[in-house]
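Participant: Could you work out the structure for the sequence below:
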Amino acid sequence: MIANRDHALWRGLLVACSAVIAIWLSFPNHRQGDAMEAAPAPTPFVHAGEQLPLEKPALPDFLQASFLQTSLQALARNGSDLSLPMRSRHRVRCESREAARQVSAWATAHGFEPEPAETFLGHGGVAFFDVAISHTDIPDIHHIQDQGERIQAALAQIPGSHYRTWVGEIVHHAH
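Facilitator: Numbering: from 1, shown residues only. Next comes the predicted model:
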């Protein structure tokens, strides 16, 4: 009887510890597989009246150089001529029509071509509005990343908007 009670106590303790670990891992900076945050860089000396440079937000996985290189190689394997201008589409998900309107207005004002928002029904029928904003240029990883950084910075100022992904398109050499 005592052995069963001890066994049940240890099993209960194990379940409780597992629950605590699962909750801890659910927080964004502690999820399994995510990179741990690096130690903060030392603060540079700043003279009176100067401002500290703002840190760039981290690029999402779909804008990392290795992902973009793989994407461009796949486009080339499927017949795209990467020496020709290609439309780079950056997809933004908005929680309201107003946020979608603001994203489109920002895109137009900053040299992008917005497409009309597409309604997307999420779980439970919640409506979202997906806006594709594109820029046509000869495909270059650094240009695509620069576009993404500009979009990320703008979306940080537009509540209810989230950067979803980047997509290239196949462009064939004209005969």
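
Participant: alpha carbons only for contacts and neighbour counts from here, please
Facilitator: Noted.

Participant: Can you name every helix or strand that the top strand by length along the chain contacts?
Facilitator: In the chain, taking DSSP state E as the definition, the longest strand is strand 127-137. Secondary-structure packing of strand 127-137 (3 or more Cα pairs under 8 Å, 6 or more residues apart in numbering; DSSP states H and E): strand 86-94, helix 97-109, strand 113-114, strand 118-121.

Participant: Please identify the helix or strand for the closest residue to Leu63 other than its chain neighbours.
Facilitator: The shortest distance from Leu63 to any non-neighbouring residue, by Cα to Cα, 6 or more residues apart in numbering, is to Gln145 (5.9 Å). When elements are assigned from DSSP states H and E, Gln145 belongs to helix 141-155.

Participant: Can you tell me which helices and strands that helix packs against?
Facilitator: helix 65-77, strand 161-167.

Participant: Okay, buried residues for it please.
Facilitator: For helix 141-155, burial by neighbour count (16 or more other Cα atoms under 10 Å) applies to Ile141, Ile144, Gln145, Gln147, Gly148, Glu149, Ile151, Gln152, Leu155.

Participant: Now do the same contact list for Ala117.
Facilitator: Ala117 makes contacts with Ala100, Phe129, Asp130, Val131, Ala132, as judged by Cα atoms under 8 Å, 6 or more residues apart in numbering.

Participant: How about it, nearest residue that isn't a chain neighbour?
Facilitator: Nearest residue to Ala117, sequence neighbours excluded (Cα to Cα, 6+ apart): Val131, at 4.6 Å.
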